[in-house]
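K.L.:
mind folding the following:
(one chain, ligands or ions: 2)
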Amino acid sequence: MMDMNEIFGTLVFNDAVMQERLPNATYKELNKCIKEDRSLTLEVANVVANAMKDWAIEKGCTHFTHWFQPMTGVTAEKHDSFISRAKNGKVIMEFSGAELIKGEPDASSFPSGGLRATFEARGYTAWDPTSYAFIKDGTLCIPTAFCSYGGQALDKKTPLLRSMAAINRQALRILRFFGKDAEHVDTTVGPEQEYFLIDRKVYEKRKDLVYTGRTILGAPAPKGQELEDHYFGAIKTRVSEFMKDLDRELWKLGILSKTKHNEVAPAQHELAPIFTSTNIATDHNQLTMETMKKVAARHGMACLLHEKPFAGVNGSGKHNNWSMSTDKGENLLDPGSTPEDNAQFLLFLSAVIKAVDEYQDLLRLSVASAGNDHRLGANEAPPAIVSMYLGEELDGILSAIAEDRPYSKRAKCEVEVGVKVLPHFPKDSTDRNRTSPLAFTGNKFEFRMLGSTFSIAGPNIVLNTIVADSLDKFADRLDAAKGDIMDEVTAIIKDTFLKHRRIIFNGNNYSDEWVKEAERRGLLNLRTTPEAMPLFKSRKNIDLFVRHGVFTEEEVITRTEIFLDNYCKVLHIESLTMQEMLIRDIIPAVNKYINDLSRCIIHSVEACPAANMTAQADMVNKLSSLIAEAYKQVGNLKAATEKTEKIADVEKKSMTYKDKVLPVMTKIRACADSMEQLTSAEYWPMPTYGEILFSVNE
Ligand code: ADP
Ligand code: MG
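P.N.:
Numbers count the residues shown, from 1 in each chain. Ligands and ions are numbered 1, 2, ... in the order given. Model (predicted):
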């Protein structure tokens, strides 16, 4: 039998290792610094660094790196070896406290939206001791934040840590009113990760998958997901071997990989870890995605993390399960079983309701990307409209409180906040709504709009900050309250529900009626990235982030630019890829087929003048027309892309990509897919949907 403890966390410099390897005083001091959010003295850092180095070398490491999360959405690392010159031409292995605490990667090529240019050419990385160092591929990795010398965040981790500090501050204020002695409140996240697994040989033959991560062409396969035979189906041996290997690699890294199963589309799967603190969950999710790709390659497969790798079958998302919990282990979104706990729960729940309604735009844009635009709003993922699901029971309770009436058709019980235990409502029941963008699932919220490639940092920065803001407002009211605090708590819950109930929707979010209903309610429907992203820097949103110390005004403005710029770049690459595939691969292949068909007609008639060649002639005719149309549209695409690239203003540029470039790509795809369906398999220059989606069969 496999001894889990011989595997789990073996590549992590975790608390147990620190306790074992650090002198007691150093261990205590380090923990104190983490708790009080202070930086380490160089003296302490030297001791920690030395212990880390010895541990890493014993595990076969030769290098270390500051591991950080720039705005590219993936992680970055620059490896340095431990070697240092010694006497007699020898080397010794060294790693100093200074090297542990701070690094200076030459980071001029990371997106900064101009932040670094204005302040200081270099950025620096700083150790985040709240996330453990770990070993990856023979290198000691030190999780770090990445900032400019002016202190501006150039990464996703810095603002995430700031947002966690903000919600900690505000949640503690609230808890005091309930007599709780918590010292710290963390947000927790368990991200469910969807992905596709295909054979590597097939992957390598698709330029679109290699360059863009998705197929930008491809006619539907005869079989898709209609039989619903893949979801939770038996896992194929090859996939199962991959999953086992993946689990082991993740466990070694201290990642609590827990659940694995087949998903809806053929070749689609999911992995879910046990939840943990948001900061660590973010690091772990990045590592999970990276490890998936690596392990897949080892098994002769490719792991696709794109949101919509294939048209016509489900895309991949990431469900961000989110809650708040205290250092005493209390989950603040758990209803609890006493009247006081119920009241506290309803107050925290109200904070989320207010936050989601007031900052729909931020939640929406936190999940906006070129890739996710293909998914949100299609009939497989939540719509682009942000709303939340509480379930009938909880909705009923809140309505009853708000309207001062008894609750429940059946029991007719009174609901009085903080006086009686709330009527029981089902936790995570089977009727739970799977179409809602943000569903309450018993003791946490499940934010389902994230795309599968996303770093979860962005959406959690938004969730943490907007809820911190509601809590701040509530705490102000409680501070100012004169009479019984519980009366004020009730008043807040009532006011919030009455004012923000429009954001709650328990019906089918995929229906057309909801789109109309949402419009009637005045909810935002920001369909695409170019429509959503500019709202990031609206006055209200900048003020929010500045108020809670999460982003400076400048950071918000530059980030908006970086995200929109990324959108344009992705579309640019997709456009060029499509042009290349058409002109260099598809049209030549179809020409060859036409040529052979034409020869066939001529030869056949020569050999047998009465031969009926109308079918062949028809094929030549149809394919030639399709080539003519495709060729014309590729010309249009090239011209539209070149013109769009010249636009200096990034908002306008992204909008033009959406309005002028994407529609031409859709036309070309239609031509190419028709050609595919008319061309002999022998001539088609790349694997088809069927060959890709069913490439892993055994
Ligand atoms: P599903 O039915 O969507 O798979 P699960 O109940 O299995 O939902 O949980 C999905 C994810 O939610 C898991 O990663 C789990 O660890 C996480 N989760 C559970 N409780 C919490 C919590 N309090 N905070 C954050 N995530 C949580
Ligand atoms: Mg889920």
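
K.L.:
any low-confidence regions in this structure?
P.N.:
1, 106-107, 114-121, 408-416, 419-432 (pLDDT under 70).

K.L.:
let me see the domain layout of it.
P.N.:
Taking automatic domain parsing as the criterion, the chain consists of the domains 4-155, 163-551, 567-693.

K.L.:
list the contacts of Ala311.
P.N.:
Thr215, Gly218, Pro220, Arg669 (Cβ atoms under 8 Å, 6 or more residues apart in numbering). Any C-beta I mention is one placed from the backbone N, CA and C, and that applies to glycine too.

K.L.:
an error on my part: the question was meant for Ala49.
P.N.:
By Cβ under 8 Å, 6+ apart, the neighbours of Ala49 are Phe95, Ser96, Gly97, Glu99, Leu100.

K.L.:
kindly recompute the last result at 10 Å.
P.N.:
Shown in contact with Ala49 (Cβ atoms under 10 Å, 6 or more residues apart in numbering): 40, 42, 64, 94-101, 127, 133, 140, 142.

K.L.:
give me the neighbour count for the residue lying closest to it once chain neighbours are set aside.
P.N.:
With sequence-adjacent residues excluded and distances taken as Cβ to Cβ, 6 or more residues apart in numbering, Ala49 is closest to Leu100, at 4.0 Å. Leu100 is flanked by 25 other residues according to other Cβ atoms under 10 Å.

K.L.:
what does Glu77 give?
P.N.:
Around Glu77 there are 18 residues (other Cβ under 10 Å).

K.L.:
that one touches Phe146, doesn't it?
P.N.:
No - counting by Cβ atoms under 10 Å, Glu77 does not reach Phe146; the two are 11.3 Å apart.

K.L.:
so what's the residue nearest to the spatial centre of the chain closest to, chain neighbours aside?
P.N.:
By Cα atoms, centre = their mean, the mean C-alpha position of the chain lies nearest to Phe454, the distance being 2.7 Å. Nearest residue to Phe454, sequence neighbours excluded (Cβ to Cβ, 6+ apart): Lys318, at 5.9 Å.

K.L.:
where's the one you found, which helix or strand?
P.N.:
According to DSSP states H and E, Lys318 maps onto strand 317-326.

K.L.:
now the helix or strand following that strand - C-alpha only, CSV.
P.N.:
Going down the chain from strand 317-326, the next helix or strand is helix 339-358, by DSSP H and E. The C-alpha coordinates for helix 339-358 follow below in CSV (Å, rounded to 0.1, in the frame of the first residue of the first chain):
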residue,chain,number,x,y,z
PRO,A,339,-29.6,32.1,16.8
GLU,A,340,-26.5,34.3,17.2
ASP,A,341,-24.6,32.3,14.6
ASN,A,342,-27.6,32.5,12.2
ALA,A,343,-27.7,36.3,12.6
GLN,A,344,-24.0,36.6,12.0
PHE,A,345,-24.3,34.3,9.0
LEU,A,346,-27.2,36.4,7.5
LEU,A,347,-25.1,39.5,7.9
PHE,A,348,-22.1,38.1,6.1
LEU,A,349,-24.5,36.7,3.4
SER,A,350,-26.0,40.2,3.1
ALA,A,351,-22.5,41.6,2.6
VAL,A,352,-22.0,39.3,-0.4
ILE,A,353,-25.5,40.2,-1.9
LYS,A,354,-24.8,43.9,-1.6
ALA,A,355,-21.3,43.5,-3.1
VAL,A,356,-22.4,41.4,-6.0
ASP,A,357,-25.2,43.8,-7.0
GLU,A,358,-23.1,47.0,-6.6
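
K.L.:
so which of the domains of the chain comes closest to Thr560?
P.N.:
Thr560 sits nearest to domain 163-551 of all the domains of the chain, at 4.5 Å, using Cβ to Cβ.

K.L.:
span of the closest one from start to end?
P.N.:
End-to-end distance for domain 163-551: 9 Å, by Cα to Cα, to the nearest Å.

K.L.:
what is the strand holding Lys318 packed up against?
P.N.:
Contacts defined by 3 or more Cβ pairs under 10 Å, 6 or more residues apart in numbering; DSSP states H and E place strand 317-326 against helix 157-177, strand 185-199, strand 268-273, helix 278-298, helix 339-358, strand 438-440, strand 445-451, helix 457-480.

K.L.:
any idea how far the residue of the chain found nearest ligand 2 is from Glu263?
P.N.:
In the chain, the residue that lies nearest ligand 2 is His319 (3.9 Å; Cβ to the ion). In this view, His319 and Glu263 are 12 Å apart by Cβ to Cβ, to the nearest Å.

K.L.:
any shared contact partners between those two?
P.N.:
In contact with both His319 and Glu263: Glu194, Glu270, using Cβ under 10 Å, 6+ apart.

K.L.:
so which bits of the protein are right by ligand 1?
P.N.:
188-190, 192, 272-275, 319, 321-323, 331, 428, 443-444 (Cβ under 6 Å from any ligand atom).

K.L.:
show the buried residues in those residues.
P.N.:
Buried subset of those (neighbour count, 16 or more other Cβ atoms under 10 Å): 188-190, 192, 272-273, 275, 319, 321-323, 331, 443-444.

K.L.:
what is the neighbour count of the residue nearest to Gln677 when sequence neighbours are not counted?
P.N.:
Distance criterion Cβ to Cβ, 6+ apart; nearest residue to Gln677, sequence neighbours excluded, is Ala219 at 5.1 Å. For Ala219, the neighbour count with other Cβ under 10 Å is 20.

K.L.:
also Ser369?
P.N.:
23.

K.L.:
list the contacts for it?
P.N.:
With Cβ under 10 Å, 6+ apart, Ser369 has these contacts: 73, 307, 375-376, 450-451, 453-454, 458, 529, 533, 563, 566-567, 570.

K.L.:
just checking, which of these belong to strands?
P.N.:
Leu450, Gly451 (DSSP state E).

K.L.:
just the buried ones from the contacts of Ser369, in ChimeraX syntax?
P.N.:
Buried members of the contacts of Ser369, defined by 16+ other Cβ under 10 Å, are picked up in ChimeraX with:
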select :73,307,375,376,450,451,453,454,458,529,533,563,566,567,570
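
K.L.:
and the residue lying closest to Thr212 once chain neighbours are set aside, how far from ligand 1?
P.N.:
Distances taken as Cβ to Cβ, 6+ apart put Glu574 closest to Thr212, at 5.1 Å, once the chain neighbours are dropped. Using Cβ to the nearest ligand atom, to the nearest Å, Glu574 is found at 31 Å from ligand 1.

K.L.:
can you name the element that comes right after the helix or strand hosting Glu574?
P.N.:
Using DSSP H and E, Glu574 falls within helix 553-580. Counting by DSSP H and E, the next helix or strand C-terminal to helix 553-580 is helix 587-607.

K.L.:
for that following helix, which outside residues touch it?
P.N.:
581-582, 611-624, 626-627, 630-631, 634, 671-672, 675-676, 678-680, 682-686.

K.L.:
in helices, which of those appear?
P.N.:
614-624, 626-627, 630-631, 634, 671-672, 675-676, 678 (DSSP state H).

K.L.:
coming back round to it: tell me what the residue nearest to Phe454 is bridged to.
P.N.:
Gln193, Leu450 (DSSP bridges).

K.L.:
mind listing what Lys293 touches?
P.N.:
So Lys293 contacts Tyr195, Met301, Ala302, Cys303, Leu304, Leu305 (Cβ under 10 Å, 6+ apart).

K.L.:
can we see that at 8 Å?
P.N.:
Ala302, Cys303, Leu305 are the contacts of Lys293 under Cβ under 8 Å, 6+ apart.

K.L.:
for the first one, which residues make a bridge with it?
P.N.:
Counting by DSSP bridges, Ala302 forms beta bridges with Ile198.

K.L.:
where exactly do the helices run in the stretch 51-200 of the chain?
P.N.:
97-101, 115-119, 157-177, 200-204 (DSSP state H, counting those that start in this stretch).

K.L.:
distance to ligand 2 added to those helices, as a markdown table?
P.N.:
A markdown table is the format used below for those (distance: least, Cβ to the ion, whole Å):
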| stretch | distance to ligand 2 |
| --- | --- |
| helix 97-101 | 38 |
| helix 115-119 | 36 |
| helix 157-177 | 22 |
| helix 200-204 | 27 |
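
K.L.:
alright, calling it a day.
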